[in-house]
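*Asks:* okay, predicted coordinates and the sequence, questions at the end:
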Amino acid sequence: MSMINDAPRFEAVTHFAGSDATVVLTGSVENAAASALSATLDAAIDRHPTSMTLDLANLDFMGAAGLIAVTSAERRLASIGVTLNVQSPSALVNRVLGIMELAETARLDRSTPEGGHLGPEQLGGLNGSTQRFASSLSTRDLRRVTGMPTDPDVVDGALALIVELARLSVGGADGVSVSLMRHGVLSTVAASDQTIMAMDATQYATGEGPCVDASVEGHWFHAESLVTETRWPTFTPAARSLGIRAILSSPLMAIGEPVGALNIYSRTAETFDIKDQKAAAVVAQKASTILSDASAGVSDTQMATRFQEALRSREVVSLAKGIIMARDGGDAVAAFGTLLHLSLADGVPLQQRAAAIVHSAEKPHIEHGSAEG
Amino acid sequence: MTRPLDVLDVYCQEAGLSYGELWLRYFELGGMCAGFELEAFLHGLRAPSVYDHDIIALAINERLVELGGRHAVPYLYDG
């Protein structure tokens, strides 16, 4: 069973009591284990059980591929008139974990920089919302799940840490803030103190300043001395009146697009040297990684809703394929081909065309929108 | 001539779909492969069956249509 070194433990054991089958799953059904699960379920179904129970009590993780394996076994059993019973105190949790793995899939192509990365450990400590499932997760899984801060609260928490990190690591920093463009409006999502909040607000109000420019233009702006600064005539006097003398704004990028800025303020003019500028760039890079991950996904709740929608749509498509198969006698692949042709001919999404077929089959006396297209 | 697999990955990017979202759409349309298999197809590490190819193509095309485009990814099925 060791397909990969230190692959998570997984076991599927089938018991037959007469013609009643019980399949007991132990450990984690990750993608690699899903085909083994499929094979076990298929073998049990091949023996034509009169009842089948899937015992998930000892299961601690099920990924999307496992979910598909179970769904297809359920369908096979239905075709021979048998209902699949799922026994598990934590079935719902496992389903949610399947969705979490989908979320994980969304960021597989983005590698996380090694070392010094503002990692899941810190994030987990900041916000309890990602630790709800800790009891049914291994440490490794927990790290994987919390590695993607999609929840806005978690992202804001991470940015608050970024502010702290910048204040500590950039010499001369008296105040730090992070501005983010959300729904087309630039606002401060994390700041070290109220003066800084006021400083940012002044920039948004006047529509000028290094923070605004860095957020929009995607490169950085260094106001070495506000005493001699001329680029922002409205903003500069306001900043000076708040005691600020130097500003360093680095752009924050999410998947290559500017989305905000990391702003570092000092009460001393000409205080940010090359070393400080480099440190600011490193911190901005970390913040950008977090933002890229966040914008690559959606929140857990959105993901759960989206997944439920997907399950419903899939069911409609399956039903329509079944109706076409019964009518035309072909296999599922041919039925999909027919559905595809109908969808393209009518210029409507396939799911919508499938729904029309299901609808006309449910109401055989109402002839509009017939399956013939 | 561009190989079909390149077409999938290129249009997936043009449609602005993350692999996770593409997988969901593919799953929705009846696809049975896991997310990692889908990625293997897009990276050209494995060749999808004609059936899987066309579901992926449809998932991408429907997104392109939503964005005001057309069915740009060709289908392989000719039944």
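*Replies:* Done, it's in.
*Asks:* nearest spatial neighbour of residue A:309, skipping sequence neighbours?
*Replies:* Excluding its sequence neighbours, the residue lying closest to residue A:309 (C-beta to C-beta, 6 or more residues apart in numbering or on different chains) is residue B:28, at 7.8 Å. Quick note: C-beta positions are derived from backbone N, CA and C, even for glycine.
*Asks:* I meant to write residue B:33 there.
*Replies:* residue B:52 (6.0 Å).
*Asks:* show me what the helix or strand that contains the one you found is packed against.
*Replies:* According to DSSP states H and E, residue B:52 maps onto helix B:50-66. Applying 3 or more C-beta pairs under 8 Å, 6 or more residues apart in numbering or on different chains; DSSP states H and E, one finds that helix B:50-66 contacts helix A:332-346, helix B:4-14, helix B:19-28, helix B:35-42.
*Asks:* tell me where the stretch 251-373 of chain A has helices.
*Replies:* Along the stretch 251-373 of chain A, counting by DSSP state H, counting those that start in this stretch, helices occupy A:274-296, A:300-328, A:332-346, A:350-362.
*Asks:* could you dump those helices to JSON lines with mean pLDDT, distance to residue A:186 and mean neighbour count?
*Replies:* Listed next are the helices of the stretch 251-373 of chain A as JSON lines, based on pLDDT from 0 to 100; distance: least, C-beta to C-beta, whole Å; neighbours: other C-beta atoms under 10 Å in any protein chain shown:
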{"stretch": "helix A:274-296", "mean pLDDT": "78", "distance to residue A:186": "14", "mean neighbour count": "19"}
{"stretch": "helix A:300-328", "mean pLDDT": "81", "distance to residue A:186": "24", "mean neighbour count": "17"}
{"stretch": "helix A:332-346", "mean pLDDT": "94", "distance to residue A:186": "42", "mean neighbour count": "19"}
{"stretch": "helix A:350-362", "mean pLDDT": "92", "distance to residue A:186": "38", "mean neighbour count": "20"}
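*Asks:* can you add distance to residue A:210 and give those helices back as TSV?
*Replies:* As requested, the helices of the stretch 251-373 of chain A are arranged in TSV below (distance: least, C-beta to C-beta, whole Å):
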stretch	distance to residue A:210
helix A:274-296	12
helix A:300-328	34
helix A:332-346	52
helix A:350-362	48
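*Asks:* for chain B, which residue occupies the most central location?
*Replies:* residue B:56 (2.8 Å; C-alpha atoms, centre = their mean).
*Asks:* hang on, that residue packs against residue B:31?
*Replies:* Yes: shown here, residue B:56 and residue B:31 form a contact pair, counting by C-beta atoms under 8 Å, at 7.3 Å.
*Asks:* anything in contact with each of the two?
*Replies:* Here residue B:56 and residue B:31 share the contacting residues residue B:38, scored by C-beta atoms under 8 Å, 6 or more residues apart in numbering or on different chains.
*Asks:* ok, longest strand in chain A?
*Replies:* Using DSSP state E, we find that the single longest strand of chain A is strand A:51-62.
*Asks:* ok, that strand near chain B or not?
*Replies:* No: applying C-beta under 8 Å from any C-beta of the partner chain, one finds strand A:51-62 separated from chain B by no less than 12.0 Å.
*Asks:* send me that strand as PDB with only the CA atoms.
*Replies:* Only the C-alpha atoms of strand A:51-62 are listed here, as PDB (Å, rounded to 0.1, in the frame of the first residue of the first chain):
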ATOM      1  CA  SER A  51     -27.100  -4.300   1.100                       C
ATOM      2  CA  MET A  52     -23.900  -2.300   1.400                       C
ATOM      3  CA  THR A  53     -22.600  -0.200   4.200                       C
ATOM      4  CA  LEU A  54     -19.600   2.100   4.100                       C
ATOM      5  CA  ASP A  55     -18.200   2.500   7.600                       C
ATOM      6  CA  LEU A  56     -16.300   5.800   7.900                       C
ATOM      7  CA  ALA A  57     -16.000   5.900  11.700                       C
ATOM      8  CA  ASN A  58     -12.200   5.300  11.500                       C
ATOM      9  CA  LEU A  59     -11.700   7.600   8.600                       C
ATOM     10  CA  ASP A  60      -9.900  10.900   9.400                       C
ATOM     11  CA  PHE A  61      -9.700  12.500   6.000                       C
ATOM     12  CA  MET A  62     -11.500  12.100   2.600                       C
END
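*Asks:* and it, what does it pack onto?
*Replies:* Looks like strand A:51-62 contacts strand A:20-29, helix A:31-46, helix A:64-79, strand A:84-87, helix A:91-105 (3+ C-beta pairs under 8 Å, 6+ apart).
*Asks:* hang on, the earlier thing: out of the helices of the stretch 251-373 of chain A, which gets nearest to residue B:77?
*Replies:* Closest to residue B:77 of the helices of the stretch 251-373 of chain A is helix A:332-346 (C-beta to C-beta; 4.7 Å).
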